[in-house]
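Novice: sequence? don't have it. structure:
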Ligand SMILES: Nc1ncnc2c1ncn2[C@@H]1O[C@H](COP(=O)(O)OP(=O)(O)OP(=O)(O)O)[C@@H](O)[C@H]1O
Ligand SMILES: [Mg+2]
C-alpha cells in the first residue's frame, strides 16, 4: 500500500511538473516587467506551489505585497478600522471583510429570509408562494436560530408533527457539536443540561434546521455536494462556478431508524468526521466526481430531471449570492472562493446546507490534490488581469481561456451592457415559464 | 425452385423452433402465447389464422423476432476462423487446447493448495448463524465479516500473459527465444486495418457522434440540436423494441439516458424471469460457503472498493459477483470454447464429482471490473446482474482463455501487434530497439476491456461500440490509437516502466474521437 501511494505521489508530481513547465512560458513574459509579491498566513502546498509556479516572490505582511492569501481572521483585522491599513491599486486579497453574511449559518438564513421578503414586497414573481411555500426560493431547509427563535421553532414543530431536526452551533465547523433530535423533550433536556438558553451567552447560539430525511442515496449511502463558487464582485455581481465539484459520501449505509440517530457516520458527510470511521478509505477518500454523479443520474433517472437538478443548483447559488449582494462591502481589492454544501433529496431537489468562506484546501487523495491545485490555478487566472499583476482598475472580465475550469454563473455588468445575450446562465423569465 | 425454397424455409423454421425452446425466455413466451390463445381475438373456428393474426398484432411478434436475432447473434459469433478455414465451434488447434488444459490444471492446483494453506474446504454448508448474518447484511456485504487477510488472487493478467507467451506452435522451429512473444508463429487470421475500416464504417464516417462531447459543463445551457434529435430518435427506436434496430442505432453511440435500455434490448437481458432467477442465486449463496466467495469478495475489495470511480457501488458489486459464481447458466460458455470447468470431488457424498465453482469461472485479479462500469446504468441489482451476465457470456469470457477464435485474447493481441507494426512503425521499432514488448504495454487494457483505465463515461462509449458492432476488435484498435496519440512522449522514453508512466493516466482521452481518428486517416493510426 505504501508503495502504491508513493507511486501516486510520483505521478501527481509528474503532472504538476508538466503543467509547471507548460505555463511558465505564459507567465514569464510579465515577470520581466514586475515581480509580483505575495504574502500568506496559510501553509497549503496547493496554494504555495501555484504562487511559485507564477514566479511570485514571497514577502512578509509588513512588506509591499501585491497578493495576500489570508485566513479570515487576518483578513478581518486587516480591514478593521484600528489597523489603519489602506490598500493600493495593485493589491488583492482573498476574502471580503464581511463574508460571514454568507458563511455563518445563522446569517445565511437571515439574509435569505430577508431577501425573499423584500422580493415579495416588491411584488416580484420570483417570490410567488403556493400553500405558504415559496415556489422558486424554497431552497434552504426550514431553519431557526436558537435561542432567539425558540418559540417560532416550537410553533413550527407542532405544526409539522413528528420530524427530525438537526442542531448546529453557528460558530463551529467540520461537524463539531452537531446532533439530531426527533423529540421536543430532547431539546428541552439539552437546554436544561447545558444551560445554553441563557440569552446572555449569545456566542453559543445554534441553528436548528429541518433534517432532510429523504436524501438521494447511491447504493444506499448518503452524500452531499461540494461546489466551488468564485465571486469577484458583489455589485455588480460577478460569479463563477468551478466545474469539478465532488460528492462526499458517508461510509456507513443510510438508515433512518431511531436507534441510529446518534450515529453521525450515517448522517453527516464531513470528511473530517468520516475519516475517523473504520470504513474510511484513504485511496478515494469517499469522493466521487460530479461528472460521475451526473453520468449515473442521467443513465438511471433520465436527462430531463437531471438537467433540471443542475439548473436548480445554479439557480440556488445565484440567489443565495443575490441575497447578500447589497450587504457585502464590495471592496474592489477582494475576491472570494466559497465552498457550497448542497444536499440532493430523492426527488432530485437540491437544498443549500451551508456556505464556507474558507473551504478546505488540504488534500485527502492524489486526485483531490490535483483538483485543488487546479482550483487555485484557475482562480488566480480569473481574478488577475491579463497582465498577471493585481490591478483594481481592471474591468474583471476574464477571457474564456482564463476561466479554465470555471464557468460564468452571472455577470450583471455584462448583462446590463449586452441585453440581448444571456449572461446569466438561466434567464429568469425563461425559468419561470419552465417551472409553471 | 419455389418448392425447394419452401422446403428449406420449413427446415430453418423447424430448427429455429427447436432452438427457441432452449432459450431463457421460452417459458414466459409460451405462457404469453397461451394467454393470447385464450383471448377473445382468437376464435376456435378459425384457430390458426386468428392466432397468427393476434400474434402479429401484439408485442409477441417483436419478441419472437428478437429471440431469433439473439439466437443468430450468439451462433454466428461462435464460428471459428482458422487459417485452414475449418469451421467448428470447438478449438481446432491441438496445442492451444493442450495449453488451455495445462493452464486449467495449474489453476485447480493453486485453488487446492490455497484451501490447504488456509485450512478450509472448497465448499461448506453455511451454518445457520452465518446464514442469518449474511442475509441481514445482504445489502451491505462490504461489512460482512470474512477474514481475507491470507488470501491471494489466483492469478493476475500478467500471469496469464506469460502463459500466452509460452504458447508454442510445434510446426515451427523457433529461431531464437526472443521472438516468442510476438506470436508470429500462431496461425490466427486477424483483420487488417482496411477490413476494420469496413467493419466500423458507420463510426468512421459519422458526422455526429454523441460520445464526442462530454459531461464537463455543470449547467446545461442548451443541448445541441443534433443531440436532441438523436435522443428523440433513440426514444422511438426503443419504443418499437426491435433489437436489431437498437443495435443499428447504437453504432453511433448511445445517449446517456437511453444506454441502459438499449444494451438490455440488444443483449436480450430483459427476461421476465430474471427477478426469480436472481432470488434463486441469492438463496444458493446463502446456503453454501465457498472458497470462491472469498476470492470474489477479495477481488471486489482490491479493485472497485479502492477505485475512486466505482467505490460507491461496492455493496451491489459484492452482491452480483457472489450471485454470478452460483449461476449455472454461465456454463454455456464451455459449449463454445476450449476450456473446461474444474471438476472436484466434494466431500460428503462418496467421490461425487462436481463442477467448481457452480458457474465454472475462476476469477482473476480484476475480474470485478467487467461488472463495475455497468453499475452506472442501473439502479436495481437484477437488471444490473442480467446485463453484466449477458455481456460476460457474449464477450468477456473470451478474454481469459486460450483459443484461436479471432475475438479471443490471443486474436486481439495479434491484431494489436499487426496494427502497431504496420501502421505505427515508428513506435514499433522504437519499442524493438529498446527491447520493450509492445503487448506488455497494453495487455491489461485488453484483458479487462479497458475497465478501470478510462473514465466511466468514456468506457461506456467504448462498450457501446463492442455491442453495436458485436466485436471486441475495437479494443486493440483503441490501444493502438492511444499509443499513436501519445507517440511523441513514448518515443522519448526507453524502458517499459517509463512507457507505463506515460500511459498511466488516460483520464483525458476521448474514446470516440480517438477511434474516429484511427479509422479515418488514410495511413494514420
Ligand atoms: N438540514 C440537513 N439535513 C440533512 N443533513 C444535513 C442538514 N444540515 C447538515 N447536514 C449534514 O451535516 C453536515 C454538516 O453540516 P454543516 O455543513 O452545516 O456544518 P459543518 O460542516 O459543521 O460546518 P463547516 O462546513 O463550516 O465545517 C453536512 O455536510 C450534511 O451532511
Ligand atoms: Mg460543512
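Specialist: Perfect, I can see it now. Predicted, not measured: the structure shown is a model, and the values here were computed from it. Ligands and ions are numbered 1, 2, ... in the order given.
Novice: switch to C-alpha atoms for all contacts and neighbour counts from now on
Specialist: OK.
Novice: tell me how far residue A:389 lies from residue A:175.
Specialist: Separation of residue A:389 from residue A:175 (Cα to Cα, to the nearest Å) stands at 38 Å.
Novice: which one of these two has more residues nearby?
Specialist: Neighbour totals were compared for residue A:389 and residue A:175, and residue A:389 leads with 21 against 17 (other Cα atoms under 10 Å in any protein chain shown).
Novice: for the more buried one, give me its contacts.
Specialist: A:36, A:66, A:90 (Cα atoms under 8 Å, 6 or more residues apart in numbering or on different chains).
Novice: same thing with residue B:288?
Specialist: B:123, B:124, B:125, B:126.
Novice: ok, the first one touching residue B:287?
Specialist: What that stands for is residue B:123. No. Assessed by Cα atoms under 8 Å, residue B:123 is found out of contact with residue B:287, at 10.3 Å.
Novice: how about residue A:139, nearest residue that isn't a chain neighbour?
Specialist: Distances taken as Cα to Cα, 6 or more residues apart in numbering or on different chains place residue A:351 nearest to residue A:139, at 5.1 Å, with adjacent residues excluded.
Novice: tell me, what's the model's pLDDT at that neighbour?
Specialist: Residue A:351 carries a pLDDT score of 98 in this model.
Novice: what lines up beside the helix or strand where it lies in the sheet?
Specialist: Here residue A:351 sits within strand A:350-356, counting by DSSP states H and E. Take DSSP bridges as the rule and strand A:350-356 pairs in its sheet with strand A:336-344 (antiparallel).
Novice: residues in contact with the partner strand: which ones?
Specialist: A:94-96, A:215-216, A:223-232, A:350-359.
Novice: and ligand 1, which of those residues reach it?
Specialist: When contact is defined as Cα under 6 Å from any ligand atom, the contacts of strand A:336-344 meet ligand 1 at A:224, A:353, A:354, A:356.
Novice: spit out the contact partners of the last one.
Specialist: Residues in contact with residue A:356, defined by Cα under 8 Å, 6+ apart, are A:102, A:103, A:104, A:338, A:339, A:340, A:341.
Novice: closest to ligand 1 out of those residues?
Specialist: Proximity of the contacts of residue A:356 to ligand 1 (Cα to the nearest ligand atom) peaks at residue A:341, which lies at 6.2 Å.
Novice: and the closest residue to residue A:98 other than its chain neighbours, how far from residue A:113?
Specialist: Leaving aside its chain neighbours, residue A:98 sits nearest to residue A:328 (6.2 Å; criterion: Cα to Cα, 6+ apart). Counting by Cα to Cα, the separation of residue A:328 from residue A:113 is 16 Å.
Novice: more neighbours: those two, which one.
Specialist: When residue A:328 and residue A:113 are compared for neighbours, residue A:328 comes out ahead with 19 against 16, by other Cα under 10 Å.
Novice: wait, that one touches residue A:103, no?
Specialist: No. If you go by Cα under 8 Å, residue A:328 and residue A:103 don't touch, sitting 11.7 Å apart.
Novice: just checking, residue B:474 touches residue B:464?
Specialist: No. Counting by Cα under 8 Å, residue B:474 stays clear of residue B:464, with 10.4 Å between them.
Novice: chain center to the helix or strand encompassing residue A:413, what's the gap?
Specialist: According to DSSP H and E, residue A:413 maps onto helix A:412-417. Helix A:412-417 sits 24 Å away from the centroid of its parent chain (Cα atoms, centre = their mean, to the nearest Å).
Novice: name the residues of that helix that are buried.
Specialist: Going by neighbour count (16 or more other Cα atoms under 10 Å in any protein chain shown), the buried part of helix A:412-417 is A:412, A:413, A:414.
Novice: what's the answer for stretch B:206-213, then?
Specialist: Of all the residues in stretch B:206-213, those buried under the rule 16+ other Cα under 10 Å are B:209, B:210, B:211.
Novice: also stretch A:111-130?
Specialist: The neighbour-count check on stretch A:111-130 (16+ other Cα under 10 Å) flags A:111, A:112, A:113, A:115, A:116, A:120, A:126, A:127, A:128 as buried.
Novice: and the next element down the chain from the host helix or strand of residue B:279?
Specialist: Assigned by DSSP H and E, residue B:279 belongs to helix B:274-287. Remark: after helix B:274-287, the chain's next helix or strand is strand B:288-290, criterion DSSP H and E.
Novice: indicate each strand paired with that next one and its parallel or antiparallel sense.
Specialist: strand B:123-125 (antiparallel).
Novice: quick check: which element contains the closest residue to residue B:363 other than its chain neighbours?
Specialist: Residue nearest to residue B:363 in three dimensions, not counting chain neighbours: residue B:296, with 6.8 Å by Cα to Cα, 6+ apart. Assigned by DSSP H and E, residue B:296 belongs to helix B:291-302.
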